[in-house]
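Colleague: A predicted structure for the sequence below; I have some questions about it.
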Amino acid sequence: MSEKVDFVVIGSGAGGSAAAARLCEGGASVLLAEKGSPASTSNDALRAIGKYYTNEGLSAAMGNCLLPIPTGEVLGGTTRINSGTCLKTPKDLLRRWEAVEGFRADGFEPHLDEAWRRLKVKPVPEETQSRSTKLFFKGLDSLGISGGHALERGEDGCVGSSRCCFICPRDAKMSAEKAYLAPLLGKPGFEVACETELVSLAPGKNPRVTLRSESGTREVECKAVVLACGTLRTPYFLRRFGLGRAPAGDALSVHPATKVFALFDEKVESDKGVPQAGGLLDPDEPRIRYEGIHMPLELAAMSMPFEGRELRRWMDVHERIATFGFMIRDESRGSVRYPVGPRLPWLSYRLQDGDLARMTRAMRFLGKVFFAAGARKVVLPLNRPGSVFETAAQLQKADLSDVRAADLQMMAFHPLGTCGMGRVVDGNLKAADGVYVADGSVVPESLGVNPQITIYAFALRLAEHLLGVPA
Ligand SMILES: Cc1cc2nc3c(=O)[nH]c(=O)nc-3n(C[C@H](O)[C@H](O)[C@H](O)COP(=O)(O)OP(=O)(O)OC[C@H]3O[C@@H](n4cnc5c(N)ncnc54)[C@H](O)[C@@H]3O)c2cc1C
Ligand code: SF4
């Protein structure tokens, strides 16, 4: 016997939680299924990665480079392990998306504002900004570069303990769970089923899903299913069941990102303060966005381009090392396929020459800023000899024209686009009768800004469409 509910939402990240909450607030009965479990707060980065990151943090794309792409598998999805930064969708992209039938920029903006309010977004105050951020601002000032600014984040009670990506120990970060699910828990007609996985899906006027958990399987019939398993998982279900206007899984954009380390005479104590506290859009290349980042000691050891005694020497001075990062609004694209099922997606990504040139430009820029702030040494994220520089002049003269994609130590935190609106799903995010998508996969192109607010807004818009609220 199958159960009946108005809507089934799969996945509790930014998209799934916002969609489920809005549907419930609109009077519908909702079952939200989430593969992960609720997180317990933690101060231990490696434990959090092992428990709450998908595949223990080991997801990576291959191509002409090795590109780790971590995501969260926990109640609240990747928002439980993100940095909390909030930036709204650039207006020029919203206008471009109006080419998709049914999408209106002025209809989207109120949803961005609603997510902004719900996440209690505010600029990081000076007292909780990390020292690395302050050194970045100092370097910009010495070089006479304007535009550096405090980033805006969703938080309530943040004290700057620098663990945002490993489950906030004070539960101060406004994750999807805290902002959208917690206020509704216990409400009749709203069920959140954790450790429960979507395994099968039949579209139609009354679509049906099969969910699996340790206690068995559940068959559920509903008015519509909202898939929100994330950019790297949702395409599996569209491909497996032949849904969508075009095959899902292509057009993967990721915002390739990396960081530069710098050694100072003074203590930086990078384990204090909000790590992603400040930012800057590159003064001359709008596809490069600089943002703070922090590597806890245990991860810094793995991510510095050194080994043996040299690594040991750098770890001995860890307290004096500052870090700052950047991401590229990529022109390069990748894809996701599932040769062995949804658990181990096969990710491909090739960094094109234009994006490679932006990466080397941004590394050099950050090095220059750190030297202007008084750094003694700068370390570029290169897997090859010659990554350490002792003066600004030496860095400026360095020939980086032969740096290849494979030489770069990169990561990417923003996979988007694999079920793009207008390509795989329509302007109302419909993939097939009774089946809709509300996660990062629907974002039609590389955003150039951190994506969570855009994803929340897409999901809120979809929920209102399903509730029949006029756009
Ligand atoms: C380290 C890090 C830092 C980041 N920092 C920022 C930031 O500061 N600002 C920002 O805007 N963005 C940031 N991001 C990105 C942002 O958090 C994500 O883009 C966003 O959370 C994605 O939302 P989503 O709904 O697409 O998917 P997710 O949040 O990934 O949620 C998908 C959920 O679906 C579940 N799921 C998957 N398959 C199934 C299944 N078969 N059945 C049931 N459930 C399933 C997963 O367990 C997961 O919980 C960061 C990301 C990372 C990794
Ligand atoms: S800086 Fe610390 S308190 Fe603030 S959100 Fe991050 S982990 Fe939580």
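Modeller: Looks like it arrived, so ask away. Ligands and ions are numbered 1, 2, ... in the order given.
Colleague: which non-adjacent residue is nearest residue 56?
Modeller: Closest residue to residue 56 apart from its sequence neighbours, by C-beta to C-beta, 6 or more residues apart in numbering: residue 50 at 5.2 Å. Every residue, glycine included, has its C-beta placed from N, CA and C.
Colleague: and whichever strand or helix holds that neighbour with ligand 2, contact?
Modeller: Residue 50 is located in helix 45-52, with elements delineated by DSSP states H and E. No - judged by C-beta under 6 Å from any ligand atom, helix 45-52 makes no contact with ligand 2; its nearest approach is 10.8 Å.
Colleague: ok, and what's touching that helix?
Modeller: Residues outside helix 45-52 that contact it (C-beta atoms under 8 Å, 6 or more residues apart in numbering) are 36, 39, 42, 56-57, 70, 72-74, 80-81, 163, 165-167, 296, 298-299.
Colleague: next: stretch 144-152.
Modeller: Residues from elsewhere that reach stretch 144-152 (C-beta under 8 Å, 6+ apart): 85-87, 121-126, 129, 136-137, 140, 276-281, 283, 291-292, 369.
Colleague: show me those residues that map onto helices.
Modeller: Per DSSP state H, helices hold the following members of the contacts of stretch 144-152: 136-137, 140, 369.
Colleague: mark which of those residues are buried, thanks.
Modeller: When the ones in helices among the contacts of stretch 144-152 are checked for burial by 16 or more other C-beta atoms under 10 Å, the buried set is 136-137, 140, 369.
Colleague: quick check: nearest residue in space to residue 260, chain neighbours excluded?
Modeller: Using C-beta to C-beta, 6+ apart, the closest residue to residue 260 is residue 366 (4.1 Å).
Colleague: of the contacts of helix 45-52, list those near ligand 2.
Modeller: residue 163.
Colleague: circling back: for burial, what's the neighbour tally of the residue nearest to residue 56?
Modeller: Using other C-beta atoms under 10 Å, residue 50 has 11 other residues around it.
Colleague: one more: residue 151?
Modeller: For residue 151, the count of nearby residues is 23 (other C-beta under 10 Å).
Colleague: try residue 298
Modeller: Neighbour count for residue 298, taken as other C-beta under 10 Å: 11.
Colleague: can you name the residues that contact it?
Modeller: The neighbourhood of residue 298, defined by C-beta under 8 Å, 6+ apart, consists of 45-46.
Colleague: give me every residue in the protein lying close to ligand 1.
Modeller: Contact residues (C-beta under 6 Å from any ligand atom) of the chain with ligand 1: 10-16, 33-36, 70-73, 77-79, 81-85, 165, 197-198, 228-231, 233, 276, 413-414, 439-440, 450-452, 455.
Colleague: from those, which ones fall inside helices?
Modeller: Using DSSP H, the residues of the chain next to ligand 1 in helices are 14-16, 452, 455.
Colleague: what two of those residues are the furthest from one another?
Modeller: Using C-beta to C-beta, the two most remote members of these are 16 and 452, lying 12.5 Å apart.
Colleague: helix or strand: which one has the residue nearest to residue 260?
Modeller: Using DSSP H and E, residue 366 falls in helix 353-372.
Colleague: what is that helix packed up against?
Modeller: The helices and strands touching helix 353-372, judged by 3 or more C-beta pairs under 8 Å, 6 or more residues apart in numbering; DSSP states H and E, are helix 131-143, strand 256-263, strand 288-292, strand 321-328, strand 377-379, helix 392-397.
Colleague: alpha carbons of that helix, as PDB, please.
Modeller: The C-alpha atoms that make up helix 353-372 are tabulated as PDB, following Å, rounded to 0.1, in the frame of the first residue of the first chain:
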ATOM      1  CA  ASP A 353      43.100  28.300 -21.400                       C
ATOM      2  CA  GLY A 354      41.100  31.400 -20.600                       C
ATOM      3  CA  ASP A 355      40.300  30.200 -17.100                       C
ATOM      4  CA  LEU A 356      43.900  29.000 -16.600                       C
ATOM      5  CA  ALA A 357      45.200  32.500 -17.400                       C
ATOM      6  CA  ARG A 358      42.700  33.900 -14.900                       C
ATOM      7  CA  MET A 359      44.000  31.500 -12.200                       C
ATOM      8  CA  THR A 360      47.600  32.500 -12.700                       C
ATOM      9  CA  ARG A 361      46.600  36.200 -12.800                       C
ATOM     10  CA  ALA A 362      44.700  35.900  -9.600                       C
ATOM     11  CA  MET A 363      47.500  34.000  -7.800                       C
ATOM     12  CA  ARG A 364      50.000  36.700  -8.700                       C
ATOM     13  CA  PHE A 365      47.600  39.500  -7.600                       C
ATOM     14  CA  LEU A 366      47.100  37.900  -4.200                       C
ATOM     15  CA  GLY A 367      50.800  37.400  -3.800                       C
ATOM     16  CA  LYS A 368      51.300  41.100  -4.600                       C
ATOM     17  CA  VAL A 369      48.700  42.200  -2.000                       C
ATOM     18  CA  PHE A 370      50.200  40.000   0.700                       C
ATOM     19  CA  PHE A 371      53.700  41.400   0.000                       C
ATOM     20  CA  ALA A 372      52.200  44.900   0.200                       C
END
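Colleague: how about the contacts made by residue 16?
Modeller: Per C-beta under 8 Å, 6+ apart, neighbours of residue 16: 9-10, 32, 34, 77, 176, 226, 228-229, 438-439, 459.
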